[in-house]
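Q: what follows is a predicted protein model with its sequence.
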Amino acid sequence: MEKSCTLLIHFDKGTPAIANEIKEALEGNDVSAKIDAMKKAIMLLLNGETLPQLFITIVRYVLPSEDHTVQKLLLLYLEIIEKTDTKGRVLPEMILICQNLRNNLQHPNEYIRGVTLRFLCRLNETEIIEPLIPSVLQNLEHRHPFIRRNAILAVMTIYKLPQGEQLLVDAPDMIEKVLSTEQDPSAKRNAFLMLFTCAQDQAINYLLTHVDRVSEWGELLQMVVLELIRKVCRTNRAEKGKYIKIIISLLNAPSTAVIYECASTLVSLSSAPTAIRAAANTYCQLLLSQSDNNVKLIVLDRLNELKSSHREIMVDLIMDVLRALSSPNLDIRRKTLDIVLELITPRNINEVVLMLKKEVMKTQSGELEKNGEYRQMLIQAIHSCAIKFPEVASTVVHLLMDFLGDSNVASAIDVVVFVREIIETNPKLRVSIITRLLDTFYQIRAARVCSCALWIIGEYCLSLSEVESGIATIKQCLGELPFYSVSEEGEATDASKKTPQANSITVSSRRPAILADGTYATQSAASETAFSAPTVVQGSLASGNLRSLILTGDFFLGAVVACTLTKLILRLQEVQPSKVEVNKATTQALLIIVSMLQLGQSPVLPHPIDNDSYDRIVLCIRLLCNTGDDLRKIWLQSCRQSFVKMLSEKQLRETEELKAKAQVSHAQPDDLIDFYHLKSRKGMSQLELEDEVQDDLKRATGEFVNDTDDANKLNRILQLTGFSDPVYAEAYVTVHHYDIVLDITVINRTKETLQNLCLELATMGDLKLVERPQNYTLAPESSKQIKANIKVSSTETGVIFGNIVYETSNVLERTVVVLNDIHIDIMDYISPAVCTDAAFRSMWAEFEWENKVAVNTVIQDEKEFLEHIIKSTNMKCLTPVSALDDECGFLAANLYAKSVFGEDALVNLSVEKQADGKLSGYVRIRSKTQGIALSLGDKITLKQKGGN
């Protein structure tokens, strides 16, 4: 068994020192050479060398030295050398150092005395310490505080030794006397810590005697007081009330460390509204007063925990939390917005939205590099507020529409998606939104935003004036026709041939695009980023944004323009009584659509139009030439109905999630409940009464009940040895975030005593054993509980294997029992999570590790297979249920999960039913790290058969 180590120093193994060189340097008179030699000797000892020949040299030549550095290094050397033999007896040569230590404890120099007392705190050998005790006790009354505080720590360490209570019988009384007269804050703290550790009742007595002066004590002492209160209240909950009063009095302490600890202690000990409100106010105060970003993030985490358990109290502090948005750090802003969005109520919604609007306006004026990203976060927050409380939408929608032309494409997309949802959910705002959108459409600079805005124009322009304005806006943004002109020689000489490449940011290219269901499609993709100057065509004014984007080769946008124009013409036929006007508009629309087709098939652009866009544009031409009632109904009503269905499903999903969160555990019907109305209230303050009531409520609603399900616990027990083995072992595996605890029960099934029984474990994968195994003696037919800690460093399947080794009295050699392997499942580290489709596609494109697993299963139903994979991988299906309805012989779905280490796991499942009824296809896994992709792939390969 290895000893505990009290000293760690980095050692460069490149140039190891030689013992003879060290010995020569120590024997010389050069102090600096002695210092170097001592350092080398200490490093060698720490790295496993024994150097027995140096001890006598050091006693002869180093012990007498008066140099302080040499003396300090001597104490470090004495700390790490072996002081006992194999049987645990102190080596006789250690007597040589005892006299030196006694001299040091009576040395006239305070530093030498202090470091020697400190050295005694790391000694465990009673035979060396016993003769030094009188000298240690003398130092308790020394005039210098450095010596007194180290002497108190030395007394505490000696008292905690196995025979310490015999060596220092009245140590607690002695320290209590020191505590009452001590003035130095550090020494006072050490004295109180000694009482707290060794004589808790005396520490409590001292605290309650001086309860009125606790707020005047130093920061160090107040921290130990809080530690004592936490310990006492956990063991004796009945006396909690009087200690909570002490904590609340310390909330006004000048030290921020103390008030943070006070708030944490209050939350952990009490559920009384007064106490929780005091803690929450303290956190808000720290959030605003501290400049360190790490502190702010920690405080926000604490507020987030309070939000989960005491939402009604946090709702009152929502504006204080929002003030943290003044920090320029994006992580702080993101956390703040996440907390605030869950605390919104009809009472505070207007204040919150007003604050968010002010922040959005600030991002316009500021020149900070992260303004675009921050604006996007704010827009998403406002979107979320407007969906929950539609009445505020009218106050924010017009402000946000100013950002449709934002250079930050992501933020502009968020705005247009928000507008699309609001225009459907708030019919009263439809006219004002359409008018504003048509007025600002020319400012939009991104293709995806244009596409969404065109869909809104096509669906929600209903009156004659709106339809005509919509057509006029699109014509204006497309500029004059044709898109290019051909000279008599038949060569494309128009400036538009050269200008698009010169002026657009992205050169058009054919590349695979990831569709919403995770499958690939080829499209001629143009930039989604902003472009610079619009294209100027010969003989025309500056053209609009749609023209410039289409001239970069973005024919997907061209198809959207064609569909929007078609919808507007179909609606015009319903609202325009004059047939002449309708025919005129139809002709102009056809001219625009045909011009786009010609552009797509011309040599002007580097890439021709893709097939999907071509088919869609041709469909629009056919529809405008010959419209049937069924087609009209599909184009003018079915699209909107699909969108409404999508919104209602989204709302339904959110409602179901909220319901799931609201479910709380319940207590057993026969649990004891205290009726506080019948309680004696004598001597109880309002706070104590509140605390009692809250504890009773928690007991009644089952919050004190342990969450772990006993039946589930039994399922996690693994048998490690056979029933016929002389030693039976089984393990209960608990997986925490960053470590695994193995609770192993070992039973001696023989009639003999097993000596030196040792559980030896080894690991494979990113697992690391924390402690070395210990030896145990096991009586006949008795059992032993052994705990083993294993650290986990990444989300990866790992294996723990090992054996039990023991000796019996009548057999000389050791017996080995090999244990079953314990497989640590990746499922213990990943949990279902949710992300937007856009975020999923962005991560899918970005992540470099892909594992492709071919479908090989006996399951014949696509949905059943999907359910099986979701259950096996512990992931969340992002694809809505409506998209998976109906039978078509093909299914594509996206699954998502997050690991405890913050890693993302993305899975795309694409399966098709073959003619023989079997399923074929692939499950593709993507992640940032190799471990998670490989482990998930192995899990799916193992489980996908569906047999078990």
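A: That came in fine, so what should we check first?
Q: need the contact list for Leu769.
A: Shown here is Leu769, whose contacts under the criterion Cβ atoms under 8 Å, 6 or more residues apart in numbering are Leu761, Ala762, Thr763, Ala788, Asn789, Ile790, Lys791. For glycine as for every other residue, the C-beta is placed from the backbone atoms N, C-alpha and C.
Q: is it in a bridge, and if so with what?
A: Ile790 (DSSP bridges).
Q: how close does it get to Val115?
A: Taking Cβ to Cβ, to the nearest Å as the measure, Leu769 falls 35 Å from Val115.
Q: with pLDDT added, can I get the contacts of Leu769 in TSV?
A: Formatted as TSV, those follow (pLDDT from 0 to 100):
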residue	pLDDT
Leu761	88
Ala762	87
Thr763	85
Ala788	87
Asn789	86
Ile790	85
Lys791	84
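Q: quick one: which of those is nearest to Leu153?
A: Leu153 has its nearest neighbour among the contacts of Leu769 in Asn789, at 28.4 Å by Cβ to Cβ.
Q: does the closest one touch Tyr738 like I think?
A: No. Checked against Cβ atoms under 8 Å, the pair Asn789 and Tyr738 is beyond contact range at 10.6 Å.
Q: helix, strand or coil for Glu130?
A: Assigned with DSSP: H, G, I helix; E, B strand; the rest coil, Glu130 falls in the helix class.
Q: now it, nearest residue through space, not along the chain?
A: Leu167 (6.2 Å; Cβ to Cβ, 6 or more residues apart in numbering).
Q: do Thr753 as well
A: Ala779 (5.7 Å).
Q: wait, the one you found sits on Asn748?
A: Yes. The criterion here is Cβ under 8 Å, and Ala779 meets it with Asn748 at 6.9 Å.
Q: so how far is the host helix or strand of Leu101 off the chain centroid?
A: Assigned by DSSP states H and E, Leu101 belongs to helix 95-105. Helix 95-105 sits 53 Å away from the centroid of its parent chain (Cα atoms, centre = their mean, to the nearest Å).
Q: buried sites along that helix?
A: Ile97, Cys98, Asn100, Leu101, Arg102, Asn104, Leu105 (16 or more other Cβ atoms under 10 Å).
Q: give me the contacts around that helix.
A: 59, 63, 71, 78, 112-113, 116-117, 119-120, 128, 131-132, 135-136, 138-139.
Q: show me which of those are buried.
A: Here, 16+ other Cβ under 10 Å leaves 63, 71, 78, 112-113, 116-117, 119-120, 128, 132, 135-136, 139 buried among those.
Q: pipe those into a markdown table and attach pLDDT per row.
A: Below are the buried ones among the contacts of helix 95-105 laid out as a markdown table (pLDDT from 0 to 100):
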| residue | pLDDT |
| --- | --- |
| Leu63 | 83 |
| Gln71 | 89 |
| Leu78 | 86 |
| Ile112 | 90 |
| Arg113 | 91 |
| Thr116 | 91 |
| Leu117 | 92 |
| Phe119 | 89 |
| Leu120 | 89 |
| Ile128 | 85 |
| Leu132 | 88 |
| Ser135 | 91 |
| Val136 | 90 |
| Asn139 | 90 |
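Q: show me which of these is closest to Leu590.
A: Phe119 (96.0 Å).
Q: follow-up on the earlier one: and the residue nearest to Glu130, what's its pLDDT?
A: Per-residue confidence (pLDDT) for Leu167: 84.
Q: burial of it, as a residue count?
A: 15 (other Cβ atoms under 10 Å).
Q: check contacts around it.
A: Thr126, Ile129, Glu130, Ile133, Ile158, Tyr159, Leu161.
Q: what sits against the second one?
A: The reference is to Ile129. Leu120, Leu123, Ile158, Leu161, Leu167 are the contacts of Ile129 under Cβ under 8 Å, 6+ apart.
Q: show me where pLDDT drops low in the stretch 301-450 of the chain?
A: Scanning the stretch 301-450 of the chain for pLDDT under 70 picks out 366-369.
Q: picking that back up, which of the contacts of Ile129 fall within strands?
A: Judged by DSSP state E, strands contain none of the contacts of Ile129.
Q: what's the helix or strand for the closest residue to His68 other than its chain neighbours?
A: Closest residue in space to His68, ignoring its immediate chain neighbours: Tyr111 at 5.8 Å, by Cβ to Cβ, 6+ apart. If you go by DSSP H and E, Tyr111 is part of helix 110-120.
Q: from the contact counts, what lies against that helix?
A: Helices and strands touching helix 110-120, by 3 or more Cβ pairs under 8 Å, 6 or more residues apart in numbering; DSSP states H and E, are helix 68-80, helix 95-105, helix 145-159.
Q: wait, Val360 touches Asp406, no?
A: No. Applying Cβ under 8 Å as the test, Val360 and Asp406 come out as separate, 10.9 Å apart.
Q: between these two, which one's more packed in?
A: Between Val360 and Asp406, counting by other Cβ under 10 Å, Asp406 is the more crowded of the two (26 against 21).
Q: for the more buried one, phi and psi?
A: phi -60, psi 140 (degrees, to the nearest 10).
Q: for Asp85, which non-adjacent residue is closest in space?
A: Asp85 sits nearest to Leu91 (Cβ to Cβ, 6+ apart), 6.1 Å away.
Q: mind listing what that neighbour touches?
A: Glu82, Lys83, Thr84, Asp85.
Q: please pick the buried ones from these.
A: Lys83.
Q: now, which of the contacts of Leu91 sits nearest Gln443?
A: Distances from Gln443 to the contacts of Leu91, taken by Cβ to Cβ, are shortest for Glu82, at 79.6 Å.
Q: from Leu101, how far off is the closest one?
A: With Cβ to Cβ as the criterion, Glu82 and Leu101 are 17 Å apart.
Q: identify the residue nearest Arg230 in space, chain neighbours excluded?
A: The nearest residue in space to Arg230 (Cβ to Cβ, 6+ apart) is Thr265, at 5.6 Å.
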